[in-house]
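Student: missing the sequence, but the structure's below:
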Ligand code: NAD
Ligand code: MG
């Protein structure tokens, strides 16, 4: 049987890896719709190759440009530019599964639309869950949607847990996420203020979009993943732990009541968790190279807070701080971090100031009740305004 798939963020790192796996199994998957923000050329070649029924761009200008190119090439794809286009291609009756691979809170509304419509939702877009929190999980449960994590750590945890979620609370002691440590694991922390965007985006093990690459360098990616794990697996903040594993072979672990630890291993290639999400509970070829144990020189683990340099990854502890604060605080943290990273990438903020902006925003804004998508989007917008004030404050203190 052929399954139809919508890929949100199809021109990005996760999006192209998803289409790579899909292309290996033309008998199993047919592309229903693709979406991207501004990359018209890349979208055009994806439309030529996968012949989706629909394509969506983030602005009317880009939609028009794509429509003209599609007409010139005689392709069958229709470019949809209604205001709710992303929600529409995610919740459409003829869609079986949705790959949520937009970066940031921009992916929340379409991910929720897919969840509400009861789809199989392959969630790479961790920010959507960090912002959506309990509301997101309630929506999934109410509609009977199937939520499968694509983040490699969460896919590993899911694969290491018993099949029946009802048994998790009685059996699971702890979830241990592994972190590579990013490009600055051994760099002297005093020099972190001089880090450039190009240095921050040069990850040792993974090739990813720019935002998640910066998050990996600050360890905010792991903070977001701790929050993601809390919601996905329903464990308490005290049951979540992080350990550094520079080789990115062990993708994460579950420790059980009897101290036994179950882990998932593999080469660092996002096509593995993507193939797992696409085919679950079956397994299909992913295109990744198998792990060669004879060639592995070492697998090492390090404590996260190296006592000599606790200042290397100050952002990680914000995950627990936000999880213990009122609901909605994780959305505030996410918004602050999106603003700070964008400013860092644009040259308007120093690398070490990303944490300063995140911390100050968390301290300045206490969310009140967030029980709907509009309330969450309001909170997200409010947090971005507060974060911007903090960015300006950093810039003006720099000039003094
Ligand atoms: P990316 O920057 O490479 O791609 C992002 C995609 O989203 C692009 O297609 C872009 O056109 C689209 N997009 C961006 N902003 C948009 C907007 N406002 N509206 C509509 N579309 C928009 O990012 P990525 O590395 O592929 O990451 C995507 C998501 O997956 C992120 O949430 C990231 O944290 C998560 N993730 C990525 C990896 C990885 O290896 N790249 C691993 C785990 C999780
Ligand atoms: Mg990850």
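Tutor: That came through, no problem. Bear in mind the structure is a predicted one, so any value in this text is a computation, not a measurement. Ligands and ions are numbered 1, 2, ... in the order given.
Student: residues touching residue 57, list them.
Tutor: Taking CB atoms under 8 Å, 6 or more residues apart in numbering, we find residue 57 in contact with 35-38, 40, 43, 63, 65-66, 79, 81. The C-beta positions use only the backbone N, C-alpha and C, and glycine is treated the same way.
Student: of these, which belong to strands?
Tutor: Secondary structure defined by DSSP state E assigns 35-36, 79 of those to strands.
Student: how many residues are close by the residue of the chain found nearest ligand 2?
Tutor: The chain approaches ligand 2 most closely through residue 151 (4.1 Å), counting by CB to the ion. Burial of residue 151, expressed as a neighbour count using other CB atoms under 10 Å, amounts to 27.
Student: pLDDT score for the closest residue to it other than its chain neighbours?
Tutor: Distance criterion CB to CB, 6 or more residues apart in numbering; nearest residue to residue 151, sequence neighbours excluded, is residue 126 at 5.6 Å. Predicted confidence (pLDDT) at residue 126: the value is 98.
Student: can you name the residues that contact residue 126?
Tutor: Taking CB under 8 Å, 6+ apart, we find residue 126 in contact with 151, 224-225, 228.
Student: where does it sit relative to residue 213, distance-wise?
Tutor: The gap separating residue 126 from residue 213 is 14 Å, by CB to CB, to the nearest Å.
Student: up against ligand 2, what does the protein have?
Tutor: Residues of the chain lying close to ligand 2 (CB under 5 Å from the ion) are 151-153.
Student: and of those residues, the nearest to residue 348?
Tutor: Sorting the residues of the chain next to ligand 2 by distance to residue 348 puts residue 151 at the head of the list, at 28.3 Å, by CB to CB.
Student: neighbouring contacts of stretch 193-201?
Tutor: Contacting residues not belonging to stretch 193-201 are listed as 183-184, 210, 213-214, 217-218, 344-345, 347, 350-352 [CB under 8 Å, 6+ apart].
Student: how about a cut-off of 10 Å?
Tutor: Residues external to stretch 193-201 that are found in contact with it (CB atoms under 10 Å, 6 or more residues apart in numbering): 182-184, 187, 192, 202, 207-218, 341, 344-347, 350-354.
Student: from the contacts of residue 126, which two are the most distant?
Tutor: The largest distance within those, taken as CB to CB, falls between 151 and 224 and amounts to 9.0 Å.
Student: shared neighbours of the two, which are they?
Tutor: By CB under 10 Å, 6+ apart, residue 151 and residue 224 have these common neighbours: 126, 129, 212.
Student: didn't the second one look like it was pressed against residue 150?
Tutor: Read it as residue 129. No. Taking CB atoms under 10 Å as the contact criterion, residue 129 and residue 150 are not neighbours in contact, 11.2 Å apart.
Student: neighbour count for these two, which is higher?
Tutor: It is residue 129, of residue 129 and residue 150, that has more neighbours when counted by other CB under 10 Å, with 29 against 24.
Student: for the more buried one, give me its contacts.
Tutor: When the contact criterion is CB under 10 Å, 6+ apart, the partners of residue 129 are 100, 107-108, 111, 123, 136-137, 140, 147, 149, 151, 154, 224, 227-232, 330, 334.
Student: can you do 8 Å?
Tutor: With CB under 8 Å, 6+ apart as the criterion, the residues that contact residue 129 are 111, 123, 136, 227-228, 231-232.
Student: so which of the residues you listed is surrounded by the most neighbours?
Tutor: Neighbours were tallied for each of those (criterion: other CB under 10 Å), and the maximum of 31 neighbours falls on residue 111.
Student: can you verify that residue is assigned to a helix?
Tutor: Yes. With the criterion set as DSSP: H, G, I helix; E, B strand; the rest coil, the secondary structure at residue 111 is a helix.
Student: how near is it to residue 6?
Tutor: From residue 111 over to residue 6 (counting by CB to CB), the distance is 11 Å.
Student: cool, and residue 365?
Tutor: For residue 365, the distance to residue 6 under the criterion CB to CB works out to 34 Å.
Student: same deal with residue 163?
Tutor: Counting by CB to CB, the gap from residue 163 to residue 6 is 27 Å.
Student: of the two, who's got more company?
Tutor: Each of residue 163 and residue 6 had its neighbours counted (other CB under 10 Å), and the higher figure belongs to residue 6 (30 against 7).
Student: show me the beta-bridge partners of that one.
Tutor: When bridges are assigned using DSSP bridges, the partners listed for residue 6 are residue 33, residue 98.
Student: got the contact list for stretch 139-147?
Tutor: Around stretch 139-147, the neighbours that count as contacts under CB under 8 Å, 6+ apart are 112, 114-121, 123, 132, 232.
Student: the residues you listed in strands, which ones?
Tutor: The members of the contacts of stretch 139-147 that map onto strands under DSSP E are 120-121, 123.
Student: of those, closest to ligand 1?
Tutor: Using CB to the nearest ligand atom, the shortest approach to ligand 1 within the ones in strands among the contacts of stretch 139-147 belongs to residue 123, at 8.6 Å.
Student: can you tell if the helix or strand hosting residue 139 touches ligand 1?
Tutor: Residue 139 is part of helix 126-143, with elements assigned from DSSP states H and E. Yes. Against ligand 1, helix 126-143 shows contacts by CB under 6 Å from any ligand atom at 126-127.
Student: sounds good, over and out.
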